[in-house]
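[1] Predicted model and sequence below, questions to follow.
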Amino acid sequence: MWLARSDPGEALGACALHLFPRLPSPASPTGEEGYVVHVHTQPAWRRRGVGSALMVAMLEESRRLRLGRLRLHTTEEGRALYSRFGFREHADNMQLVLD
């Protein structure tokens, strides 16, 4: 889980990543995938880079863990954020295959 805080310690936003074992596949050679959940930014801090900073931190850790794929379900409001980071529509969710 990642928590974005202001200098005085106010919580600005958060996101979490659940890890799931899967059978290895070309899209997930290590057999472990991530599911992104609980992405939230306080309304007063939206469109100010908080969500992007959380996504960058989560993606860095996902790559460090060599996860093959990330999945998430999104609201219409969050779709643009995830799309900017390479997530694409897939059935009833969005996914990103990591390099």
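    Right, received. Where do you want to start?
[2] which residues does the residue positioned nearest the centre of the chain bridge with?
    Centroid-nearest residue in the chain, with C-alpha atoms, centre = their mean: Val36, separated by 4.6 Å. On the basis of DSSP bridges, Val36 is bridged to Leu17, Leu72.
[3] Contacts only, for it.
    Shown in contact with Val36 (C-beta atoms under 8 Å, 6 or more residues apart in numbering): 15-17, 58, 70-72. C-beta coordinates here come from the backbone N, C-alpha and C atoms, glycine included.
[4] Can you say which of these are buried?
    15-17, 58, 70-72 (16 or more other C-beta atoms under 10 Å).
[5] Tell me the one of the residues you listed nearest Leu96?
    If you rank the buried ones among the contacts of Val36 by distance to Leu96 using C-beta to C-beta, Leu70 comes first, at 4.7 Å.
[6] ok, the closest one - contacts?
    With C-beta under 8 Å, 6+ apart, Leu70 has these contacts: 17, 33-36, 59, 62, 87, 95-96, 98.
[7] 7 Å instead, please
    Going by C-beta atoms under 7 Å, 6 or more residues apart in numbering, Leu70 touches 33-34, 36, 62, 95-96, 98.
[8] Which helix or which strand is home to it?
    Using DSSP states H and E, the element containing Leu70 is strand 69-72.
[9] pull the CA atoms of stretch 52-64 into PDB?
    Written as PDB, here are the backbone C-alpha positions of stretch 52-64 (Å, rounded to 0.1, in the frame of the first residue of the first chain):
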ATOM      1  CA  SER A  52       0.100  10.000 -10.800                       C
ATOM      2  CA  ALA A  53       2.700   9.900  -8.000                       C
ATOM      3  CA  LEU A  54       0.900   6.900  -6.400                       C
ATOM      4  CA  MET A  55       0.800   5.100  -9.700                       C
ATOM      5  CA  VAL A  56       4.500   5.700 -10.400                       C
ATOM      6  CA  ALA A  57       5.400   4.300  -6.900                       C
ATOM      7  CA  MET A  58       3.200   1.200  -7.400                       C
ATOM      8  CA  LEU A  59       4.500   0.600 -11.000                       C
ATOM      9  CA  GLU A  60       8.100   0.800  -9.800                       C
ATOM     10  CA  GLU A  61       7.400  -1.800  -7.100                       C
ATOM     11  CA  SER A  62       5.500  -4.000  -9.500                       C
ATOM     12  CA  ARG A  63       8.400  -4.000 -11.900                       C
ATOM     13  CA  ARG A  64      10.900  -4.700  -9.000                       C
END
